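Chemist: here are the coordinates; sequence isn't available:
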Ligand SMILES: Cc1cc2nc3c(=O)[nH]c(=O)nc-3n(C[C@H](O)[C@H](O)[C@H](O)COP(=O)(O)OP(=O)(O)OC[C@H]3O[C@@H](n4cnc5c(N)ncnc54)[C@H](O)[C@@H]3O)c2cc1C
């Protein structure tokens with residue numbers, strides 16, 4: 001109740017309120033305000049940093065049991081309480097209405113933080129990111145006189161609270177109030193039939209696993225794999241790309257493990273799906289060593305989602321401590337960057353088999369939405385990189401944190417140790433939050449943490465903060481600051 005999925009983060013609050021329904025939240029917020037206690041909110045508890053379970057959190061509102069999903073006639077949308085977790089969402093939507101939202105991969109991620117941060121998942125290139133389907137958001141806010149007000153904000157052009165909706169399309173959780181419900185309806189959906197309000201997932205996918213062993217590859221072959229991943233995504237950024245329905249998670253582990261694996265899926269109904277898949281795998285392997293194995297399995301979509309969301313022990317083990325770093329990328333890594341990654345993944349002074357880098361897709365449908373329409377500002381990115389250092393023993397904190405910091409700093413050494421928005425990189429992913437981005441020792445660029453997450457959207461987010469949380473009640477170590 002007082003630790004996150006990442007057990008590095010723990011709190012000593014006065015109270016943890018496990019709520020069952022949205023209407024229970026306003027009185028808890030009012031009580032905490034009157035006693036001057038800092039409030040934090042737990043959706044699914046997957047925050048990479050201590051934004052929920054911090055030393056100064058006095059009242060934690062835990063939404064675990066607030067997880068209903070239903071058709072809401074008043075907004076003609078699918079309402080989802082913000083404690084719902086992703087696999088529950090996928091099952092409920094598919095089994096009830098045959099629909100989907102293009103949310104994240106891991107089954108236990110909570111909607112609360114995930115949606116507000118602009119969540120992405122397997123369907124990112126086919127259907128965009130999750131906020132591309134967000135119609136409205138309901139938020140418990142606190143005004144300048146300390147009164148608690150529940151606000152429903154929609155994307156309707158004439159909604160006076162539209163800016164609050166916009167701020168939840170990438171502005172992130174823990175900034176404006178307690179989000180009680182998200183309401184989903186895709187733009188352009190017509191009628192009131194709940195089966196027609198959101199996209200249909202693929203009936204079936206082709207799921208391919210292709211693998212190499214790092215210890216069998218030269219630096220040049222390893223670099224080729226990374227660069228090939230980037231070049232395919234840069235060439236297939238457009239929503240009209242023939243590879244739009246394909247998504248690949250490419251994961252490299254430290255040499256003590258050696259595994260390199262590309263997991264690729266494509267909607268089996270896409271014309272020429274198998275040949276698009278084959279040509280992608282051929283592109284990936286081109287100039288590197290032939291894979292040790294490659295296998296394609298057709299799977300019903302829901303089975304595929306259940307499999308990939310639950311079968312990864314690193315994502316689901318609550319005893320693992322972890323440090324993460326992220327980057328949006330527009331172009332392939334340079335030869336120097338790839339060689340730097342090789343150097344850190346073949347270091348002999350570290351031996352943690354879990355150290356890994358995941359490249360994941362972006363672009364496709366995501367690139368079809370104008371950047372100004374949502375708060376997330378990475379519509380030009382072709383793919384993302386996530387460096388992850390998971391470990392078990394607290395005694396190993398220093399060595400693992402140091403590894404993650406060093407590989408990231410070195411890869412982006414030419415731009416001050418961080419992926420500044422430029423022609424090649426495009427900032428960092430808010431949902432993969434990283435406190436080091438605010439630390440001058442690790443971010444030596446002239447781009448502050450908010451420039452990496454929000455780019456030019458930060459001043460507008462600050463204005464929304466001023467309007468809906470003028471007392472800065474909802475805050476954490478990287479929350480949006482009130483304008484000065
Ligand atoms: C194993 C794992 C797998 C992941 N996979 C993906 C993925 O596939 N795609 C992806 O995009 N991201 C992924 N993420 C990142 C994930 O989207 C973020 O960590 C997200 O913020 C988690 O939301 P949460 O509600 O579970 O977390 P929490 O820790 O509960 O919350 C995260 C932040 O949001 C705030 N918050 C949560 N709920 C509310 C609310 N109702 N109102 C106001 N603020 C709230 C919290 O206070 C905190 O600041 C993954 C993370 C992990 C650990």
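Modeler: Arrived safely. Fair warning: this is a prediction, and the values are worked out from it, not measured in the lab. Numbers count the residues shown, from 1 in each chain.
Chemist: helices of the protein, start to end?
Modeler: 25-34, 86-97, 111-116, 124-127, 162-167, 219-235, 273-285, 301-310, 313-316, 335-345, 397-411, 449-453, 458-468 (DSSP state H).
Chemist: with distance to residue 188 added, can I get those helices in CSV?
Modeler: Backbone N, C-alpha and C define where each C-beta goes, glycine included. Shown next, in CSV, are those (distance: least, Cβ to Cβ, whole Å):
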stretch, distance to residue 188
helix 25-34, 32
helix 86-97, 17
helix 111-116, 20
helix 124-127, 13
helix 162-167, 17
helix 219-235, 26
helix 273-285, 25
helix 301-310, 22
helix 313-316, 33
helix 335-345, 40
helix 397-411, 39
helix 449-453, 29
helix 458-468, 25
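Chemist: closest one to the ligand among those helices?
Modeler: Nearest of the helices of the chain to the ligand, taken as Cβ to the nearest ligand atom: helix 111-116 at 2.2 Å.
Chemist: who are the packing partners of that closest one?
Modeler: helix 86-97, strand 178-184 (3 or more Cβ pairs under 8 Å, 6 or more residues apart in numbering; DSSP states H and E).
Chemist: deepest of these, which one?
Modeler: Mean neighbour count (mean count of other Cβ atoms under 10 Å) peaks for strand 178-184 among these, with a mean of 26.
Chemist: would you mind naming what in the protein lies close to the ligand?
Modeler: Within the chain, the positions adjacent to the ligand are 4-5, 40-48, 51-52, 63, 82, 104-106, 109-110, 112-114, 117, 119-121, 173-174, 178-179, 315, 431, 476 by Cβ under 6 Å from any ligand atom.
Chemist: out of those, list just those in strands.
Modeler: 40, 41, 42, 178, 179 (DSSP state E).
Chemist: which one of the residues you listed is nearest to residue 353?
Modeler: residue 42 (30.2 Å; Cβ to Cβ).
Chemist: give the buried residues for stretch 332-341.
Modeler: Of the residues in stretch 332-341, 332, 333, 337, 338, 339, 340, 341 count as buried by neighbour count, 16 or more other Cβ atoms under 10 Å.
Chemist: avg pLDDT for that stretch?
Modeler: For stretch 332-341, mean pLDDT is 98.
Chemist: name the residues that touch that stretch?
Modeler: Contact partners of stretch 332-341, identified using Cβ atoms under 8 Å, 6 or more residues apart in numbering, comprise 219, 222-223, 226-231, 234, 252, 357, 407, 410-413, 424.
Chemist: now restrict these to buried residues only.
Modeler: 222-223, 226-231, 234, 252, 357, 407, 411-412, 424.
Chemist: contacts for the helix or strand bottoming out on mean pLDDT in the chain?
Modeler: Between all helices and strands in the chain, the lowest mean by mean pLDDT, DSSP states H and E belongs to helix 313-316, at a mean of 87. With Cβ under 8 Å, 6+ apart as the contact definition, helix 313-316 has outside contacts at 105, 106, 107, 108, 310, 320, 354, 356, 388, 390.
Chemist: for stretch 423-432, same thing?
Modeler: 48, 113-114, 117-119, 170, 172, 324-331, 334, 376-378, 380-381, 384, 386, 412, 415, 418-421, 434, 437, 447, 451-455.
Chemist: recalculate using a threshold of 6 Å.
Modeler: Residues from elsewhere that reach stretch 423-432, judged by Cβ atoms under 6 Å, 6 or more residues apart in numbering: 48, 117, 172, 324, 326-331, 378, 381, 384, 386, 419, 421, 452-453.
Chemist: return the set of buried residues in that stretch.
Modeler: 424, 425, 426, 427, 428, 429, 430, 431, 432.
Chemist: average pLDDT across that stretch?
Modeler: The pLDDT scores in stretch 423-432 average 98.
Chemist: do stretch 149-163 as well
Modeler: Here stretch 149-163 scores 98 as its mean pLDDT.
Chemist: with stretch 25-42 instead?
Modeler: 98.
Chemist: give me the contacts around it.
Modeler: 17, 19, 52, 56-62, 140, 146, 148, 178, 180.
Chemist: who wins on neighbours among these?
Modeler: Within those, residue 178 tops the neighbour count with 29 neighbours, counted by other Cβ atoms under 10 Å.
Chemist: mind listing the residues bridging to that residue?
Modeler: Counting by DSSP bridges, residue 178 forms beta bridges with residue 140.
Chemist: and it, what is it in contact with?
Modeler: Listed by Cβ under 6 Å, 6+ apart, the contact set of residue 178 reads 25, 41, 140.
Chemist: if you set the cut-off to 7 Å instead, what comes out?
Modeler: Residues near residue 178 by Cβ atoms under 7 Å, 6 or more residues apart in numbering: 25, 29, 41, 61, 139, 140.
Chemist: and which of these is nearest to residue 155?
Modeler: The closest of the contacts of residue 178, once distances to residue 155 are taken by Cβ to Cβ, is residue 139, at 14.2 Å.
Chemist: how about residue 463, nearest residue that isn't a chain neighbour?
Modeler: Taking Cβ to Cβ, 6 or more residues apart in numbering, and ignoring the residues beside it in sequence, residue 463 has residue 483 as its nearest neighbour in space, at 6.7 Å.
Chemist: hmm, residue 464 and the one you found touching each other?
Modeler: No: if you go by Cβ atoms under 7 Å, residue 483 and residue 464 don't touch, sitting 10.4 Å apart.
Chemist: so for those two, which residue has more residues nearby?
Modeler: residue 464 (22 against 11).
Chemist: pull the contacting residues for the more buried one.
Modeler: Applying Cβ under 7 Å, 6+ apart, the residues near residue 464 are 163, 164, 167, 176.
Chemist: what pLDDT does the model give the closest residue to the third one other than its chain neighbours?
Modeler: Leaving aside its sequence neighbours, residue 167 sits nearest to residue 464 (Cβ to Cβ, 6+ apart; 4.2 Å). Reading off the confidence values, residue 464 has pLDDT 98.
Chemist: residue 88 versus residue 464, what's the distance?
Modeler: Here residue 464 is placed at a distance of 29 Å from residue 88 (Cβ to Cβ, to the nearest Å).
Chemist: same deal with residue 201?
Modeler: Taken as Cβ to Cβ, the span from residue 201 to residue 88 is 15 Å.
Chemist: okay, residue 311: pLDDT?
Modeler: Residue 311 is assigned 89 on the pLDDT scale.
Chemist: check the one 10 residues further on too.
Modeler: You'll see residue 321 listed with a pLDDT of 97.
Chemist: doesn't residue 10 make contact with it?
Modeler: No: in this structure residue 321 lies outside contact range of residue 10 using Cβ under 7 Å: 11.2 Å.
Chemist: in strands only, show me the contacts of stretch 423-432.
Modeler: In strands, defined here by DSSP E, the members of these are 324, 326, 327, 328, 329, 384, 386.
Chemist: tell me the one of those nearest residue 261?
Modeler: Nearest to residue 261 among the ones in strands among the contacts of stretch 423-432, with distances taken as Cβ to Cβ, is residue 386, at 14.6 Å.
Chemist: so the closest one touches residue 358, yeah?
Modeler: Yes: between residue 386 and residue 358 there is a contact under Cβ under 7 Å: 4.8 Å.
Chemist: list the residues that contact residue 170.
Modeler: 117, 118, 131, 374, 375, 376, 430.
Chemist: again, only using 6 Å
Modeler: 118, 374, 375, 376.
Chemist: before we move on, back to that, pick out the most distant pair among the ones in strands among the contacts of stretch 423-432.
Modeler: It's 324 and 329 that sit farthest apart of those, by Cβ to Cβ, at 16.0 Å.
Chemist: neighbour-wise, which of those two wins?
Modeler: residue 329 (23 against 19).
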